[in-house]
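Visitor: Curious how this folds, go ahead:
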Amino acid sequence: MFIERFGGIHAVEDRLPNDRLPLVRSMYPGIVAACRARGIPIPTEGAQLSTGDRRLLEARAQTLLEQWESAGDDNALED
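Guide: Numbering: from 1, shown residues only. Predicted structure coming up:
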């Protein structure tokens with residue numbers, strides 16, 4: 001679904017990763033809703049993890065999202 005919404009595999013390949021991220025982020029809620037409506041499972045990295053490991057992954061992902069959202073420059077995600 002992502003590739004189709006991007007305009008096909010060539011459109012995806014032609015974009016730099018940093019250019020794709022905002023597009024993926026803006027499309028993600030609609031893609032998730034479409035998958036849920038069709039009963040399509042949404043694989044995640046956390047699906048195969050134990051509960052404790054999943055919580056750590058989710059906490060790290062939330063921290064990265066918060067940093068990215070509050071970033072005023074390109075260096076905000078550096079640890």
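
Visitor: Show me which positions of the longest helix along the chain end up buried.
Guide: Ordering each helix of the chain by length in residues (DSSP state H) puts helix 17-38 first. In terms of neighbour count (16 or more other Cβ atoms under 10 Å), helix 17-38 has its buried residues at 20, 31. For glycine as for every other residue, the C-beta is placed from the backbone atoms N, C-alpha and C.

Visitor: And the helix or strand of the chain with the lowest mean pLDDT, what does it pack against?
Guide: Counting by mean pLDDT, DSSP states H and E, the chain has its least confident helix or strand at helix 2-6, which shows a mean of 76. If you count contacts as 3 or more Cβ pairs under 8 Å, 6 or more residues apart in numbering; DSSP states H and E, helix 2-6 packs onto helix 9-14, helix 17-38.

Visitor: and the ones you listed as CSV, adding distance to Ala61?
Guide: Formatted as CSV, those follow (distance: least, Cβ to Cβ, whole Å):
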stretch, distance to Ala61
helix 9-14, 22
helix 17-38, 12
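
Visitor: Could you dump these into JSON lines with mean pLDDT added?
Guide: Shown next, in JSON lines, are those (pLDDT from 0 to 100):
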{"stretch": "helix 9-14", "mean pLDDT": "81"}
{"stretch": "helix 17-38", "mean pLDDT": "83"}
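
Visitor: out of the ones you listed, which comes closest to Gln62?
Guide: Smallest distance to Gln62 across the helices and strands packed on helix 2-6 (Cβ to Cβ): 14.1 Å, for helix 17-38.
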